[in-house]
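Asks: based on what follows, work out the 3D shape:
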Amino acid sequence: MNHSLIINRLAPAQPCLLCGAFSHDGIWCKACDTDLPRLSPAHCPVCARPSPLAATCGRCLQRAPGFDHTVAAFAYAFPVDKLIQAVKFSEQLALVNQLAEALVQRITTRPDGIVAMPLHPLRLRERGFNQSLLLAQQLAKQLGIPLLRDACERTRNTTPQSTLPWQQRGKNMRKAFACSADLSGQHIAIVDDVMTTGASIEALAQTLRRAGASQISAWVIARTLPHQGF
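Replies: Sure thing, here's the model as predicted:
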């Protein structure tokens, strides 16, 4: 019996958040974990949209985004959508570690630094925390990669992206960020909870490029798929 299995069996059982069955496996049980909507391997390596044979999609070939690569653990579908909303709007912060762990399992490259999607100070004051920063902290800790906590800031208090039609989201994020760090020649990973149109990550990636970053990855918990309105 391996060491991790012994630890799991010694850990106190708790009700699975998703099905209610008692489990030693964390916030949700192994059976529910198996059923979570993990992102299909057949997706574009740049933007993570569905793509046959995991080839770069036509959209990215026609107009390459400001970031080079996307890693997403899940499709933004039930129950992952509810888990992310519970973190963001109901302060269920205990979910952060397990969501971050699911993303860690998909990461195969080691950037020079990690940047969390910034919140504007007014939004941060309202919410009390930045869920992307909490995720980034866990990823930095688990992967041993520096978290560039103060490198970037949101300079405009933009309208929440989720309230806008996707066609307006790119315009909403223009000149929304600033970067004070010298990132010359560095590979930077942007951490966010969800990618829908990619407009927020695109805007932050352009800011990082101007600061000298030579390669940019997007790390997100979930990717909204085309049939979900994108």
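
Asks: who's in contact with residue 149?
Replies: Residue 149 sits next to 116, 133 when contact means CB atoms under 8 Å, 6 or more residues apart in numbering. Just so you know, the C-beta spots here come from the backbone N, C-alpha and C atoms, and that holds for glycine as well.

Asks: where's it relative to residue 188, distance?
Replies: 13 Å (CB to CB, to the nearest Å).

Asks: again, but for residue 68
Replies: 10 Å.

Asks: who touches both of these two?
Replies: With CB under 8 Å, 6+ apart as the test, residue 68 and residue 188 both reach 215, 216, 217.

Asks: quickly note the distance from the last one to residue 156.
Replies: Taken as CB to CB, the spacing of residue 217 relative to residue 156 amounts to 24 Å.

Asks: swap in the second one?
Replies: Using CB to CB, residue 216 is found at 21 Å from residue 156.

Asks: which one of these two has more residues nearby?
Replies: residue 216 (25 against 14; other CB atoms under 10 Å).

Asks: that's a helix at the more buried one, yeah?
Replies: No - looking at residue 216 with DSSP: H, G, I helix; E, B strand; the rest coil, it is strand, so not inside a helix.

Asks: surely it touches residue 210?
Replies: No - shown here, residue 216 and residue 210 do not form a contact pair, counting by CB atoms under 8 Å, at 11.6 Å.

Asks: next, the contact list for residue 122, please.
Replies: With CB under 8 Å, 6+ apart, residue 122 has these contacts: residue 157.

Asks: over to residue 193?
Replies: With CB under 8 Å, 6+ apart, residue 193 has these contacts: 84, 87, 88, 117, 131, 132, 135, 220, 221, 222.

Asks: for residue 42, which non-adjacent residue is spatially closest?
Replies: residue 54 (5.5 Å; CB to CB, 6 or more residues apart in numbering).

Asks: measure the one you found to residue 207 for me?
Replies: 29 Å.

Asks: again with residue 193
Replies: 19 Å.

Asks: what about stretch 199-210, distance to the chain center?
Replies: Stretch 199-210 has its C-alpha centroid displaced from the chain centroid by 15 Å (CA atoms, centre = their mean, to the nearest Å).

Asks: flag every buried residue along that stretch.
Replies: Neighbour-count burial for stretch 199-210 flags 199, 200, 201, 202, 203, 204, 205, 206, 207, 208, 209 (criterion: 16 or more other CB atoms under 10 Å).

Asks: which residue ranges form the helices in this protein?
Replies: 3-10, 30-35, 58-62, 80-90, 95-104, 121-127, 131-143, 166-172, 199-210 (DSSP state H).
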